[in-house]
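Student: Give me coordinates for this.
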Amino acid sequence: MKIKLPLQIVLGIGAVILAYFIYESIMGPVRFNKEMDKRKDAVIQRLKDIRESENMYVNIYGKYTASFDTLISFVKDGEIPIIKLTARPGDSTFTNPIIDTIGYASVIDSLFHDRQNFKPENLRYIPYSDYNGETIEEFTLACDIIERGNVPVKVIEVFAAHKQFLKGLNLKRYNIDPEDGLRFGSMTDPTTDGNWE
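Tutor: Down below sits the predicted model:
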């Protein structure tokens with residue numbers, strides 16, 4: 001009787017510990033994926049915002065900007081011309097219309113009118129890169145003009161590494177390359193596709 005009670009206590013503690021490890025082996029990856037997905041979604045949204053802003057910038061100025069200061073200023077204070085196309089007399093095919101600027105619309109209202117909490121000054125910052133009070137990090141932004149079939153083409157790439165926005169998560173345990181990450185565009189191809197699409 002005296003040996004049986006301590007043995008039951010030891011076996012009971014062992015069963016609780018085993019149950020905990022089984023629970024953690026199931027829930028650990030679930031929690032990791034949930035947190036990773038939340039952070040990725042925030043970074044992807046910011047990348048989409050940068051891409052929209054850069055596409056508007058290139059439509060107005062004919063080139064991308066590699067400066068977040070310039071891009072943020074453009075989004076905050078820039079204006080887009082509102083044009084009216086009118087057919088020239090005798091031009092029934094509308095191939096050579098008369099183009100008149102009839103007004104201007106602000107860039108921020110045109111691109112982000114449906115986003116009440118949108119702040120242009122945050123475009124440069126990688127969400128969650130300030131985890132645990134660390135200094136917030138910026139996206140890598142590069143643009144250039146390259147030759148493609150003897151034709152100069154504009155290229156842009158914006159990038160955030162996993163190690164920047166997944167801080168505090170065990171990337172090694174879940175086989176996530178810390179140097180890889182989320183990006184749109186390419187410095188070798190004229191594309192603005194995101195690698196999440």
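
Student: all helices for the chain, in order.
Tutor: Taking DSSP state H to define them, one finds helices in the chain at 4-61, 68-77, 107-112, 162-165.

Student: quick check, distance from the first one to the centre of its chain.
Tutor: Think helix 4-61. With CA atoms, centre = their mean, to the nearest Å as the basis, helix 4-61 stands 19 Å off its chain's centre.

Student: Then the shortest one?
Tutor: Remark: helix 162-165 is offset 12 Å from the chain centroid, using CA atoms, centre = their mean.

Student: ok, residue 169 to residue 180 distance?
Tutor: 14 Å (CB to CB, to the nearest Å). C-beta coordinates here come from the backbone N, C-alpha and C atoms, glycine included.

Student: More neighbours: which of those two?
Tutor: residue 169 (19 against 13; other CB atoms under 10 Å).

Student: Report the contact partners of that one.
Tutor: Contacts for residue 169 were tallied using CB atoms under 8 Å, 6 or more residues apart in numbering; they are 32, 35, 36, 176.

Student: so how far is residue 132 from it?
Tutor: The spacing between residue 169 and residue 132, counted by CB to CB, is 12 Å.

Student: show me the contacts for the spatially closest residue to residue 79 that is not a sequence neighbour.
Tutor: Nearest non-adjacent residue to residue 79, counting by CB to CB, 6 or more residues apart in numbering: residue 104, 4.0 Å away. Residues near residue 104 by CB under 8 Å, 6+ apart: 79, 80, 81, 82.

Student: just residue 190 next, same as before
Tutor: Contacts of residue 190 (CB under 8 Å, 6+ apart): 146, 148, 153, 154, 155.

Student: Can you check those and name whichever has the most neighbours?
Tutor: The most crowded member of these, judged by other CB under 10 Å, is residue 155 (19 neighbours).

Student: what comes into contact with the longest strand along the chain?
Tutor: Longest strand of the chain, by residue count under DSSP state E: strand 151-161. By CB under 8 Å, 6+ apart, the residues outside strand 151-161 that reach it are 43, 47, 50-51, 54, 58, 63-64, 126, 129, 137, 139-147, 178-190, 192.
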